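> Coordinates for the following, if possible.
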Amino acid sequence: MNRKIIFQQILVFILFVLLWKSVIFIFKFPEFILPQPETVFIEWYFLLKSGLLLNHTLVTLYETIAGFIIGVLLGLIPGYFIAKSKQVEQTLSPYLVALQTAPKIALAPLIVIWFGFGPLSKIVIVALIVFFPILVNTIVGIRSVDKNLLDLMKICKATRLQIFRFVELPAALPVLFAAFKTGITLAVIGAVVGEFIGANSGLGYLTIYAAGLMNTPQVFVAILQLTVLGIVLYLIIDVLESLMIPWYKNKGEKDVVRS
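As a prediction, this is how the structure comes out:
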């Protein structure tokens, strides 16, 4: 990332803060409706210093990552076999679509009843939300493999594992990483939704608890922390993409420069 982009991002942030303060000044919002930016940042500092914010963040982070990994595995494994077999796709597709169309937020209270108020219920919710995007993109990625390459590997008498490792996986990775980026942001949302329904820790719980006390600055702090968490996890996926498929990332950057 060059200095120009960093400068533009900082400028946008400054403009956002100025707009925030302008809205408060123009409409004379009281502190419990819309607090000043500096009040939120001071509250954020003290919550972080006390360790309370870090504890809640670690809970949400654990639920997010655990649910994301499970959702990825649940999507990758059946997705590969569905992509390789039309019969399997025709058999399972109605049930997979039905599972996706069922609103996860509506299922969240039932999941909390089944799995309790601890992290397990949030992990299940996250896994269900992440599952379908990974499944669909796995199917698309595997089917996007060049047929000529597959025929060449078969002529060379490559094993199924060799075909997967050297042809199918590299070809599918760009599509899969797009799904991972979408999935990790959905995972944070899923964890928070689960904590809204029932929890005794986590950033979602902190948001609900602070709102119940009309502690608006603390609500903003929880939202700010969730935003930072989502951005950091997204950037980690982006870095992994750069390490695993550098040719694809470099190609995208060159296309941007040309345009």
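
> rest of the way, CA atoms for contacts and neighbours
OK.

> quick one: the residue of the chain positioned farthest from its centre from residue 143, how far?
Most distant from the centre of the chain: residue 155, at 40.5 Å, with distances by Cα atoms, centre = their mean. Distance of residue 155 to residue 143, computed by Cα to Cα, to the nearest Å: 19 Å.

> ok, now residue 183?
20 Å.

> These two: which has the busier surroundings?
Comparing residue 183 with residue 143 by other Cα atoms under 10 Å, the one with more neighbours is residue 183, at 25 against 17.

> quick one: the strands in this protein?
Remark: strands of the chain are absent; assignment by DSSP state E.

> Give me the neighbour count for residue 161.
Burial of residue 161 is recorded as 10 neighbouring residues (other Cα under 10 Å).

> and it, what pLDDT?
The per-residue pLDDT reported for residue 161 equals 85.

> again, but for residue 155
In this model, residue 155 carries a pLDDT of 87.

> go on, residue 168?
87.

> likewise residue 28?
pLDDT at residue 28 comes out at 90.

> residue contacts, it?
By Cα atoms under 8 Å, 6 or more residues apart in numbering, no residues touch residue 28.

> Pull up the gap between it and residue 35, please.
Taken as Cα to Cα, the span from residue 28 to residue 35 is 11 Å.

> Also residue 210?
For residue 210, the distance to residue 35 - Cα to Cα - is 14 Å.

> can you list residues touching both of these two?
residue 216.

> Show me where the stretch 1-150 of the chain dips below the pLDDT cut-off.
1-2 (pLDDT under 70).

> What segments of it are helices?
Along the stretch 1-150 of the chain, counting by DSSP state H, counting those that start in this stretch, helices occupy 3-27, 37-50, 52-84, 86-101, 104-115, 119-143, 147-155.

> Residue 240: which of these is closest?
Closest of these to residue 240 is helix 52-84, at 14.6 Å (criterion: Cα to Cα).

> Off-centre distance for that closest one?
Distance, stretch centre to chain centre, for helix 52-84: 9 Å (Cα atoms, centre = their mean, to the nearest Å).

> How many neighbouring residues does the closest residue to residue 153 other than its chain neighbours have?
Distances taken as Cα to Cα, 6 or more residues apart in numbering place residue 163 nearest to residue 153, at 6.6 Å, with adjacent residues excluded. By the criterion of other Cα under 10 Å, residue 163 has 17 neighbours.

> repeat for residue 13
12.

> I'd assumed residue 151 was in contact with the residue nearest to residue 153.
No: applying Cα atoms under 8 Å, one finds residue 163 not in contact with residue 151, separated by 10.1 Å.
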